[in-house]
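Asker: Provided below are the primary sequence and the corresponding predicted coordinates.
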Amino acid sequence: MTDQITEANQDTQHHRSIRSYVLRQSHMTAAQQRAIDTLWPQFGLDYQETPADLNQAFGRGNRKILEIGFGMGTATAEIARRLPDDDFLAIDVHGPGVGNLLKLIDEQHIANIRVMRHDAVEVVENMLADGSLDGIHIFFPDPWHKKRHNKRRLIQAPFVAKLLPKLKSGGYIHLATDWEEYAQQMLEVLNGFPEELQNTAENYAPTPAYRPETKFEARGKRLGHGVWDLVFVKR
């Protein structure tokens, strides 16, 4: 569902800035480009190196949920419709996905999403104030299933450590994957913060009612894949 990855475990002799993504080339349709051109001023949020006023960006003080890596935005739009009293900051670098989500926002008259096209790590580090978020969604991040590529996975302790200060006490992290070994890693990573996070389930959580089944997820189930949700709350 998402191209977002992390490179937190870098070669220290060849230092590179941590990035949360890999750019993949794909075709931008005319409708997607038109949505970016016409709707960005209203629903897009440009990156800045200082903390943003999210209440000002949304025009209200409701709960703020960060979504990292929204793919084509279909599930994001549906969640925002199901939870109209929450505001969603949706981040991805995939141009066609950004255009498609903006198109869905317009077609479905959704007012509670703001879209960013930027590296999520930089946004988290520089643009989100501590205690500014009520929730974080990361659904179906790239599993990088080859062992030599596991270090590229987004859900690793260094990245979670960056996320936690941004959550309010009582805020939550909701992860989902259809790759069992990655689910095990996610559980291990989140369990590695026992003083900050509490699991809402014994291990994996029932899928919350607000998260719809995506086409990606349905395809995985047809191929015999399981799906694992994890929901942890900040103490």
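Answerer: Yep, it's here. Owing to the predicted nature of the structure, the values given are computational and were not obtained by experimental measurement. Residues are numbered from 1 along each chain as shown.

Asker: From here on, just use CA atoms for contacts and neighbour counts.
Answerer: Fine.

Asker: Could you count how many residues lie near Glu67?
Answerer: For Glu67, the count of nearby residues is 20 (other CA atoms under 10 Å).

Asker: and it, that one's in a strand?
Answerer: Yes. Assessed with DSSP: H, G, I helix; E, B strand; the rest coil, Glu67 lies in a strand.

Asker: which residues does it form a beta bridge with?
Answerer: Beta-bridge pairing for Glu67 (DSSP bridges): Ala90, His137.

Asker: Any regions of the chain where pLDDT drops low?
Answerer: Counting by pLDDT under 70, the chain has low-confidence residues at 1-26.

Asker: all strands for it, in order.
Answerer: 63-68, 86-91, 113-116, 133-139, 167-177, 197-199, 228-234 (DSSP state E).

Asker: For Lys146, which of the ones you listed is the nearest?
Answerer: Nearest of the strands of the chain to Lys146, taken as CA to CA: strand 167-177 at 15.8 Å.

Asker: what's next to the closest one, contact-wise?
Answerer: 130-141, 183, 186, 227-235 (CA atoms under 8 Å, 6 or more residues apart in numbering).

Asker: Pull out the buried residues from those.
Answerer: Buried subset of those (neighbour count, 16 or more other CA atoms under 10 Å): 132-141, 183, 186, 227-234.

Asker: mind listing what the residue nearest to the spatial centre of the chain touches?
Answerer: Nearest residue to the geometric centre of the chain (CA atoms, centre = their mean): Ile68, 1.7 Å. Contact partners of Ile68, counting by CA under 8 Å, 6+ apart, are Thr2, Gln4, Ala90, Ile91, Asp92, Ala120, Ile136, His137, Ile138, Phe139.

Asker: Can I get these in CSV including distance to Arg148?
Answerer: Converted to CSV, those look like this (distance: CA to CA, whole Å):
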residue, distance to Arg148
Thr2, 20
Gln4, 17
Ala90, 29
Ile91, 27
Asp92, 25
Ala120, 23
Ile136, 28
His137, 26
Ile138, 22
Phe139, 22
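
Asker: Just the helices from the chain, written as ranges.
Answerer: 30-43, 54-58, 74-82, 95-107, 120-122, 157-163, 180-191, 215-222 (DSSP state H).

Asker: Quick one: closest of those helices to Ala205.
Answerer: Of these, nearest to Ala205 by CA to CA is helix 180-191, at 10.8 Å.

Asker: Now do that closest one and strand 228-234, the angle between them.
Answerer: 10 degrees (axes from the mean of the first three to the mean of the last three CA atoms, to 10 degrees).

Asker: which residues sit against helix 180-191?
Answerer: Outside helix 180-191, the residues touching it (CA under 8 Å, 6+ apart) are 143, 155-157, 160, 175-177, 197-199, 203-204, 226-228, 230, 232.

Asker: same thing with stretch 105-122?
Answerer: 4, 18-21, 39, 43-47, 57-58, 68, 77, 80-81, 84-95, 98, 102, 104, 159.

Asker: Now with 6 Å, please.
Answerer: By CA atoms under 6 Å, 6 or more residues apart in numbering, the surrounding residues in contact with stretch 105-122 are Ser20, Phe43, Gly44, Leu45, Asp87, Phe88, Leu89, Ala90, Ile91, Asp92, Val93.
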